[in-house]
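> have a look; sequence and predicted model below, questions after that.
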Amino acid sequence: MRVSVVKSFDEHGGVIRALELVREEILSHLGDKRKFLIKPNFVSTVNELAATPKACVDGILEFLHEHFNVSEVLIGESPALGSFRDAISNFGYLELRERYGDVEFVDLDDYGHEEIVLEDRRGEFTVPVSKLVLSDEFVRISPCRPKTHDTVIVTLTIKNMVMGSIRKGYKSMVHRGWLEINYDIAMLATKLMPHLGVIDGVMGMEGNGPVSGTPKRWGVILASINPVSLDAATAYAMGFNPSDIGYLYFLNKWGYGEIDPRRIETIGEKLEEIRTSFKPHRDYQRQLSWKESLKVE
């Protein structure tokens with residue numbers, strides 16, 4: 001389960017190149033699947049820098065139609081701020097339906113929820129999670145920008161899928177402490193893990209992400225069928241230690257993927273060749289306190 005790494009400032013073409021590098025793994029992993037759910041990041045429906053670029057999703061769609069007998073493609077999200085309809089309009093996504101006739105836009109909150117029981121050190125609670133995302137009927141694809149974050153250091157393909165799957169108005173339920181949010185994201189990820197992740201790092205966000213940060217021009221695109229290794233590789237290339245990111249630490253501990261950059265197999269560029277330094281969130285040091293809390297357990 002390799003991570004493809006491509007240098008490119010062309011989002012559409014770069015995404016296709018990154019996917020082609022791991023094409024055989026994707027085809028082997030997804031088999032004869034025909035239904036796809038693409039879950040972009042629309043944490044804000046007005047700040048384009050906080051959102052997954054349309055060109056990234058366009059590249060994914062072109063790849064899918066080239067290599068799969070596609071019967072249905074859903075592009076779905078439950079934005080934390082604003083409405084889904086505003087997002088697809090503001091970010092130009094409606095053009096994708098004009099180009100690909102089988103694309104349907106869905107607000108995940110319109111398709112029902114299942115109450116998922118979680119338990120962390122603060123006790124047991126339930127979270128309403130999208131039935132559509134939980135369904136085995138669709139291949140889950142998570143494309144996003146690399147962004148710094150205000151509670152978990154970075155937000156990449158796993159967190160994009162997990163938090164977007166929680167019903168609007170209930171997303172804050174997992175914000176129960178520095179340790180708890182990482183643990184709860186990891187637990188939800190065991191049920192919501194993307195089957196394919198794509199990181200569009202042509203332009204990332206650094207500083208006070210995931211909404212109020214500043215642009216970071218990078219020119220890198222990564223993809224993999226193992227989102228844990230993908231997110232760990234990306235976090236490392238952003239200048240962070242993947243083991244400092246709690247939800248990746250837990251998922252690695254539970255056997256869902258490799259997070260040691262020295263043991264992650266890449267194809268294309270080497271991680272050291274693309275490594276840069278994203279300015280962390282102002283609360284970065286406080287975010288690391290989950291590790292101290294873990295030691296107390």
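Noted; the coordinates are in hand. Remember, predicted model here, so these are calculated numbers, not experimental data.
> neighbours of Thr182, how many?
Thr isn't right for residue 182; it's Asn. By the criterion of other C-beta atoms under 10 Å, Asn182 has 28 neighbours. For every residue, glycine as well, the C-beta is placed using N, CA and C.
> confirm that it lies within a strand, as I assumed.
No. The assignment for Asn182, made by DSSP: H, G, I helix; E, B strand; the rest coil, is helix rather than a strand.
> and it, how far is that from Leu94?
For Asn182, the distance to Leu94 (C-beta to C-beta, to the nearest Å) stands at 36 Å.
> residues in contact with Phe125?
117-119, 173 (C-beta atoms under 8 Å, 6 or more residues apart in numbering).
> quick check: mean pLDDT of the helix or strand harbouring it?
Phe125 is located in strand 123-130, with elements delineated by DSSP states H and E. Summarised as a single mean, pLDDT over strand 123-130 is 98.
> next SSE downstream of it?
The C-terminal neighbour of strand 123-130 among helices and strands, as given by DSSP H and E, is helix 131-134.
> contacting residues around that following helix?
In contact with helix 131-134 (C-beta under 8 Å, 6+ apart) are residues 37, 39, 74, 76, 106, 108, 111-114, 138, 140, 161, 164-165, 191-192.
> just the ones of those residues in helices?
In this view, those that belong to helices under DSSP state H are 161, 164-165, 191-192.
> which pair of those spans the longest distance?
Maximum pairwise distance in the ones in helices among the contacts of helix 131-134, criterion C-beta to C-beta, is 13.8 Å, between Gly164 and Lys191.
> rewinding a little: gap between the strand holding Phe125 and the chain center?
Relative to the chain's own centre, strand 123-130 is displaced by 20 Å; criterion: C-alpha atoms, centre = their mean, to the nearest Å.
> which parts of it are buried?
For strand 123-130, a neighbour-count test (16 or more other C-beta atoms under 10 Å) marks 127-130 as buried.
> now swap in stretch 167-177 and tell me
For stretch 167-177, by 16+ other C-beta under 10 Å, it's 167-168, 171, 173-174, 176-177.
> using TSV, lay out those together with secondary structure, pLDDT and distance to Arg286.
Below are those laid out as TSV (DSSP: H, G, I helix; E, B strand; the rest coil; pLDDT from 0 to 100; distance: C-beta to C-beta, whole Å):
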residue	secondary structure	pLDDT	distance to Arg286
Arg167	coil	97	28
Lys168	coil	95	27
Lys171	helix	96	20
Met173	helix	95	20
Val174	helix	96	17
Arg176	coil	94	15
Gly177	coil	95	11
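> what's the farthest-apart pair in these?
Among those, Lys168 and Gly177 lie farthest apart (C-beta to C-beta), at 22.2 Å.
> buried ones in stretch 227-234?
Result for stretch 227-234 [16+ other C-beta under 10 Å]: buried residues 227-234.
> same question, stretch 9-20
Those would be 11-12, 14-20, for stretch 9-20 by 16+ other C-beta under 10 Å.
> now do it: distance to the chain's middle.
17 Å.
> C-alpha coordinates for that stretch, CSV please?
As requested, the backbone C-alpha atoms of stretch 9-20 are provided in CSV (Å, rounded to 0.1, in the frame of the first residue of the first chain):
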residue,chain,number,x,y,z
PHE,A,9,1.1,23.0,-9.7
ASP,A,10,-1.6,21.6,-12.0
GLU,A,11,-4.3,20.2,-9.7
HIS,A,12,-6.3,18.4,-12.3
GLY,A,13,-3.4,16.8,-14.1
GLY,A,14,-1.3,16.3,-10.9
VAL,A,15,-4.2,14.4,-9.3
ILE,A,16,-4.5,12.1,-12.3
ARG,A,17,-0.7,11.5,-12.3
ALA,A,18,-0.7,10.7,-8.6
LEU,A,19,-3.6,8.2,-9.0
GLU,A,20,-2.0,6.6,-12.1
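> how about residues contacting that stretch?
Contact with stretch 9-20 is made by 4-6, 8, 26, 53, 55-56, 58-60, 62-63, 143, 198, 200, 202, 219, 221-223, 268, as judged by C-beta under 8 Å, 6+ apart.
> so which of these are in helices?
Those of those lying in helices (DSSP H): 26, 55-56, 58-60, 62-63.
> quick check: Ile259 is in a strand.
No. Under three-state DSSP, Ile259 falls outside any strand and is assigned coil.
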